[in-house]
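Asks: What follows is a predicted structure for the sequence shown.
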Amino acid sequence: MDIEVDNLTQVWGGANGVCALDRFTHSFASNRFACILGPSGCGKSTLIQIIGGIESATSGEVRITDPADKERRRQPLGGCSLMMWQNLNLFPWRNVIDNVAFGLEMEGLSRAVRYARAKELLASVGLPKFENHYVHQLSGGMRQRVALARALIMQRPVLLMDEPFAALDAQTKIVMQEELARIFEQTRKTILFVTHAIDEAILLGDEVIVMTARPGRIKEVIPVNLPRPRSQELVNSPEFGRLYEHALRLIREEVLNAMRQQEAVDD
């Protein structure tokens, strides 16, 4: 799906409230992996929640269309996308397979059909023997894989991810990044991925959208033309290093701006 974001503005608290997003405009191309990078409070999460139909924008619009559709009919926000949060929201009273199959259950699919699909997804994320375990019996990385399988089972063309790996330890995060990169190669979904981590954004993304401190605007879009499939070995390459240094210079300026904003509020 192509996602056109046009002049999107979000103000919390009325006309004199806090402006989270200011005239954000960008075209997210179908079957591409876009990483959204910016300081805390710059509107990254707000942006993808609006795209996912979870929040309404103050002004501007989002158009989601299928490039294969000659009439370019607009898709309803939230109808073709699924959100994956940092807080996984797994149900502790359900076992793994019932957590993964929950969306299909809500759609009225039979137990046999949803279990068959859930087992396929659990195998694809390396958890074929854990379908009867409960959340408290899993490690953090395993819970993350369950959440990823639950998102993928719905077969939506757009996947919205809000810092899904932020709470993981460094080693588990590497495994999950490689897992997501592999799944992207297989499915070619349109992915919007919010992150604070520069290396993660470059390793995963086809482009990195660097945002300014609040109110969130686009500071620069960095194309990432590194070959796929990608692995952690790429981090040591000169091209990765150049992209990292460039993104670091951009984001450092905005983090300092965000800190100055906070100091002004505290005063």
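Replies: Received it, and whenever you're ready, just let me know what you need. None of the values given here were measured: they were computed from a predicted structure. Numbers count the residues shown, from 1 in each chain.

Asks: pLDDT below threshold where in the stretch 151-267 of the chain?
Replies: Across the stretch 151-267 of the chain, the ranges flagged by pLDDT under 70 are 264-267.

Asks: If I look at the closest residue to Ile64 other than its chain neighbours, what pLDDT would I see?
Replies: Distance criterion Cβ to Cβ, 6 or more residues apart in numbering; nearest residue to Ile64, sequence neighbours excluded, is Gln75 at 4.3 Å. No exception for glycine: its C-beta is placed from N, CA and C like everyone else's. Listed pLDDT for Gln75 reads 89.

Asks: Run a quick neighbour tally on Gln75.
Replies: Number of residues near Gln75 (other Cβ atoms under 10 Å) recorded here: 19.

Asks: Just list the residues touching it, thanks.
Replies: For Gln75, the contacting residues are Met1, Ile64, Thr65, Asp66, by Cβ atoms under 8 Å, 6 or more residues apart in numbering.

Asks: three-state assignment of the second one?
Replies: Same thing as Ile64. strand (DSSP: H, G, I helix; E, B strand; the rest coil).

Asks: does it really touch Asp2, like I thought?
Replies: Yes - in this structure, Ile64 is within contact of Asp2 by Cβ atoms under 8 Å, at 7.1 Å.

Asks: Who has more neighbours out of these two?
Replies: Ile64 (25 against 19).

Asks: Tell me the spacing between the more buried one and Ala123.
Replies: 31 Å (Cβ to Cβ, to the nearest Å).

Asks: cool, and Pro227?
Replies: 28 Å.

Asks: before we move on, what about Cys19?
Replies: 46 Å.

Asks: Tell me which of those two has more neighbours.
Replies: Using other Cβ under 10 Å, the more surrounded residue of Cys19 and Ala123 is Cys19, with 16 against 13.

Asks: The more buried one: what secondary structure?
Replies: Going by three-state DSSP: Cys19 is strand.

Asks: For it, give me its contacts.
Replies: Thr9, Gln10, Val11, Trp12, Arg214, Pro215.

Asks: hang on, the second one is in a helix, isn't it?
Replies: No - under three-state DSSP, Gln10 sits outside any helix and is assigned strand.

Asks: which SS class is the residue nearest the centre of the chain?
Replies: By Cα atoms, centre = their mean, the chain has its centre lying nearest to Met161, at 2.0 Å. What three-state DSSP gives for Met161 is strand.

Asks: So for Asn89, what's the pLDDT?
Replies: Confidence score, pLDDT, at Asn89: 82.

Asks: What about it, how many residues nearby?
Replies: 11.

Asks: just to revisit the earlier point, emit the ChimeraX select command for whichever of the contacts of Cys19 are buried.
Replies: To isolate in ChimeraX the members of the contacts of Cys19 that are buried, counting by 16 or more other Cβ atoms under 10 Å, one can use:
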select :9,10,11,214,215
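
Asks: Adding distance to Gly38, write the contacts of Cys19 out as TSV.
Replies: Converted to TSV, the contacts of Cys19 look like this (distance: Cβ to Cβ, whole Å):
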residue	distance to Gly38
Thr9	16
Gln10	14
Val11	18
Trp12	17
Arg214	9
Pro215	11
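
Asks: Nearest to Ile54 among the contacts of Cys19?
Replies: Ranked by distance to Ile54 (Cβ to Cβ), those are led by Gln10 at 12.0 Å.

Asks: So that closest one versus Arg188, what's the distance?
Replies: Gln10 is 30 Å from Arg188, by Cβ to Cβ.

Asks: again, but for His196
Replies: For His196, the distance to Arg188 - Cβ to Cβ - is 26 Å.

Asks: just the helices in the protein please.
Replies: Applying DSSP state H to the chain gives helices spanning 44-51, 96-100, 102-106, 111-124, 140-152, 170-187, 198-204, 238-266.

Asks: looking at those, which is closest to Ser30?
Replies: helix 170-187 (12.4 Å).

Asks: So what touches the closest one?
Replies: So helix 170-187 is contacted by 33, 124-126, 139-141, 144-145, 148, 152, 164-165, 168, 191, 200, 203-204, 228-232 (Cβ under 8 Å, 6+ apart).

Asks: Just the buried residues of the residues you listed.
Replies: Looking at these with 16+ other Cβ under 10 Å, the buried ones turn out to be 33, 124-125, 141, 144-145, 148, 152, 164-165, 168, 191, 200, 203-204, 230.
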